[in-house]
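Colleague: Just the structure for this:
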Amino acid sequence: MLRLEARAEPSRAMAWLSPLVALALTAVIAAALFTWLGKDPVAGLRIYLVEPLNGPRAVSEVALKATPLVLCALGLAVCFRSNVWNIGAEGQFLLGAIAGGGVALWLHGQGVTGARGVYAPLVLAGGVLGGAAWAALTAVLRDRFNANEILVSLMLVYVAQQLLNYLVFGPWKDPKGFNFPQTPTFDASTWLPALVTGYRAHVGVVVALVLVLAFWVFMFRSWRGYQLQVGGLAPAAARYAGFSSRAALWTALLLSGAMAGLAGAMEVAGPLRQLTPHVSTGYGFTAIIVAFVGRLHPVGIVFSGVLLSMMLIGGELGQSRLGLPNALSGVFQGLLLFLLLACDTLIQYRVRWAGAVRRSA
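Modeller: All right, here's what the predicted structure looks like:
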């Protein structure tokens, strides 16, 4: 029988290189899957790893998809480092989109107009408050009733989706939209300005990069961030030091919800410019993988966000160009996370034969 034995000194270099090892193993398995499906493995890998960066327009699309992933993952990294398991970033993303979209629709209904993007900060602020308020529901139930935050945050995702469906099929439905479940297009004064004319990437990319720096300072150079990390790594030591577990819970969940809500508001004020039932393509769930592949570190999250956005775009390209199932993108994301966890396990532990241990004893 096999058993895991803790290593005396795990390799720090391998701890940082393991995401690259996991990515390489994922590419090998992907090539085998392409061959099994009767497709050219080189062409398949090119679709996923090269084509998404082939030209300025392609890079713009990668940045557009990476922005909500990075924002959601930043908040999740704070939660996971604090030992708060928020799995509901998808629902907080949707509530941010609803709240931000509601602000845009209210401004439109009031006849408010202006230069393009002048009221976009109000939409983003609405998204931040909406996402934080949705995360606060999980915090209240965990704090007051000791409810499991994993289940609560996950179930609230489906409540958020049904709320969005109710609004776009009901009171917010565009009367001139040919019966499609969508809101009227927001006024241009609430749109996020594009970074470069003619491309879809917007100023939210810059906002996300600024927040990466802010979260790095908060997590690794602030007293409050230190308290959160100690509480996650050693709850007993945190209690002995007088750190409040309740404050850590509320701080982590509100920050995470605010970031997911900001991402949702950026999505409706950026590329969509209206609310539909399909505001999110699973950004909140994919961000969990982004956070772990990025080592729960803000800088690592940027690189993993770009990688996962390339996988999402590669899935769309593979479907249209090679006839590959779009579900392959999800398969590769799951493989990447599974292989990363396997690499991490082997960095911390070595595999030993239990029989050999007994004989040596």
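Colleague: which residues of the chain fall in strands?
Modeller: With DSSP state E as the criterion, the chain has strands at 2-6, 349-353.
Colleague: looking at those strands, which is closest to Gly131?
Modeller: strand 349-353 (37.6 Å; Cβ to Cβ). (Each C-beta comes from the backbone N, C-alpha and C, glycine too.)
Colleague: and the gap between Val207 and Leu33?
Modeller: Using Cβ to Cβ, to the nearest Å, we find Val207 at a distance of 37 Å from Leu33.
Colleague: cool, and Lys65?
Modeller: The spacing between Lys65 and Leu33, counted by Cβ to Cβ, is 23 Å.
Colleague: now Val279
Modeller: Taking Cβ to Cβ as the criterion, Val279 is separated from Leu33 by 30 Å.
Colleague: if you count what's nearby, which of Lys65 and Leu33 comes out ahead?
Modeller: Using other Cβ atoms under 10 Å, the more surrounded residue of Lys65 and Leu33 is Lys65, with 24 against 17.
Colleague: For burial, what's the neighbour tally of the residue nearest to Val21 when sequence neighbours are not counted?
Modeller: Spatial nearest neighbour of Val21, excluding adjacent residues (Cβ to Cβ, 6 or more residues apart in numbering): Cys343 at 5.4 Å. Each residue near Cys343 was counted by other Cβ under 10 Å, and the total is 19.
Colleague: my guess is Cys343 contacts Leu23, does it?
Modeller: No - look at Cys343 against Leu23 with Cβ atoms under 8 Å: they stay out of range, at 10.2 Å.
Colleague: May I ask which helix or strand of the chain has the lowest mean pLDDT?
Modeller: Taking mean pLDDT, DSSP states H and E as the measure, the helix or strand of the chain with the lowest value is helix 354-360, at a mean of 56.
Colleague: Let me see the contact set for the residue nearest to Ala27 when sequence neighbours are not counted.
Modeller: By the measure of Cβ to Cβ, 6+ apart, the closest residue to Ala27 outside its immediate chain neighbours is Leu45, 6.1 Å from it. Remark: with contacts taken as Cβ atoms under 8 Å, 6 or more residues apart in numbering, Leu45 is in contact with 27, 30-31, 34.
Colleague: And the residues you listed, which is closest to Val217?
Modeller: Of all the contacts of Leu45, Ala27 has the smallest distance to Val217: 34.5 Å, by Cβ to Cβ.
Colleague: State the distance from that closest one to Ala327.
Modeller: From Ala27 over to Ala327 the distance is 18 Å, taken as Cβ to Cβ.
Colleague: I'd assumed Asn54 was in contact with Met310.
Modeller: No - taking Cβ under 8 Å as the definition, Met310 is not a contact partner of Asn54, at 10.9 Å.
Colleague: So between these two, which is more surrounded?
Modeller: Neighbour count, other Cβ under 10 Å: between Met310 and Asn54, Met310 has more, with 22 against 11.
Colleague: In space, what's closest to that one - neighbours in sequence excluded?
Modeller: Pro52 (4.1 Å).
Colleague: Might you report the residue contacts of the one you found?
Modeller: Counting by Cβ under 8 Å, 6+ apart, Pro52 touches 58, 61-62, 309-310, 313-314, 317.
Colleague: quick one: it and Gly126, what's the gap?
Modeller: Relative to Gly126, Pro52 is positioned 31 Å away (criterion: Cβ to Cβ).
Colleague: Any regions of the stretch 251-361 of the chain where pLDDT drops low?
Modeller: Per-residue confidence of the stretch 251-361 of the chain (counting by pLDDT under 70) places the weak regions at 355-361.
Colleague: can you map out the helices along it?
Modeller: Secondary structure of the stretch 251-361 of the chain by DSSP state H, counting those that start in this stretch: the helices cover 283-293, 298-321, 328-348, 354-360.
Colleague: Could you identify which of those helices is most buried?
Modeller: Compared across those, helix 283-293 shows the largest average neighbour count, a mean of 25 (mean count of other Cβ atoms under 10 Å).
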